[in-house]
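Q: missing the sequence, but the structure's below:
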């Protein structure tokens, strides 16, 4: 068994090939030995696989960005969504508690129904409308029931330089089409995987590895970039930035048409309001969250030629 008192901290990261997992490998690297795992090593569909890996690694911190994120496919694949997003989260919490470690887990704005007028706070009533949202809420509840030291970070509209996302889709469509139709009645804050990973690293470093663990503020927190926009506003920002950088686009920027959610039906319902109030996170951990445009611009600088 590893002697934790005399060794460099070990941080276990699941889903290392995903958008957030990829960035966590960078942001956590200076804090200790990062053991970054993908599904081939740690299959979240299998509780036995999870337990075996965690007990072998014996991490000080478990960071779990791995998730079933195919929102529409989940409507017909509920069993798998619940296994990965719900059951696995509870198993990780059990193992973290057994080791006396910290679990950092990521949830979503989809736990809300999106009908509130203003930004959601952590204590607002949850009412997920999709299988994906329900499975993520099951994960939150499983973690709470285990009584582990855990941070659950609800976030929204995630985009990273690594992996597929809305910004990359708009860039591709902007090169292929002369006009676009984009939903304009859903609101949130585009939040980069890099920001999520950097905030995670700050919490882990300052408040867990080098802080007062007895006073560590477990719980649910909202993490999103500052400001708000619609998917239409997001698409417009992405394509205007690309055009200003000299990217050859086929789309006429004057022909990015705002449409209603009803005009683009999908299998899973989306929250009309994905705005998350981040006051609790900022106050508790002393974190500054930049405007969503700053993150999107930085993301585009990485992925544009």
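A: Looks like it arrived, so ask away. From a predicted model like this one, the values you see are computed outputs, not experimental measurements.

Q: low-confidence ranges in the stretch 1-150 of the chain?
A: For the stretch 1-150 of the chain, applying pLDDT under 70 flags the ranges 1-6.

Q: residue ranges for the strands of it, please.
A: 10-13, 33-36, 61-64, 102-108, 150-155 (DSSP state E, counting those that start in this stretch).

Q: where does the second one sit relative to the chain's centre, distance-wise?
A: To tie it back to what came earlier, the one meant is strand 33-36. Distance of strand 33-36 from its chain centroid, counting by CA atoms, centre = their mean, to the nearest Å, is 19 Å.

Q: and it, which residues are buried?
A: 34, 35, 36 (16 or more other CB atoms under 10 Å). Just so you know, the C-beta spots here come from the backbone N, C-alpha and C atoms, and that holds for glycine as well.

Q: do the same with the longest one
A: Of the residues in strand 102-108, those with enough neighbours to count as buried (16+ other CB under 10 Å) are 102, 103, 104, 105, 106, 107, 108.

Q: so the first one makes contact with residue 211?
A: What that stands for is residue 102. No - Residue 102 lies out of contact with residue 211 (CB atoms under 8 Å); the separation is 10.7 Å.

Q: so how far is residue 240 from the nearest residue to residue 252 once chain neighbours are set aside?
A: Nearest in space to residue 252, with sequence neighbours left out and distances taken as CB to CB, 6 or more residues apart in numbering, is residue 178 at 5.8 Å. As judged by CB to CB, to the nearest Å, residue 178 and residue 240 stand 16 Å apart.

Q: Is it correct that residue 296 is in contact with residue 233?
A: No - counting by CB under 8 Å, residue 296 does not reach residue 233; the two are 10.7 Å apart.

Q: more crowded one of the two?
A: A count of neighbours by other CB atoms under 10 Å puts residue 296 above the other of residue 296 and residue 233, at 22 against 18.

Q: Now do the same for the more buried one: its pLDDT.
A: pLDDT, residue 296: 97.

Q: any idea whether residue 197 is helix, strand or coil?
A: Classification of residue 197 using DSSP: H, G, I helix; E, B strand; the rest coil returns helix.

Q: what's the answer for residue 246, then?
A: coil.

Q: pLDDT value on it, please?
A: Value listed for residue 246 in the pLDDT field: 95.

Q: again, but for residue 305
A: 82.

Q: Now for it, how many residues are close by?
A: Neighbours of residue 305 using other CB under 10 Å come to 7.

Q: So residue 237 sits against residue 299, correct?
A: No - judged on CB under 8 Å, residue 237 makes no contact with residue 299 at a distance of 11.1 Å.
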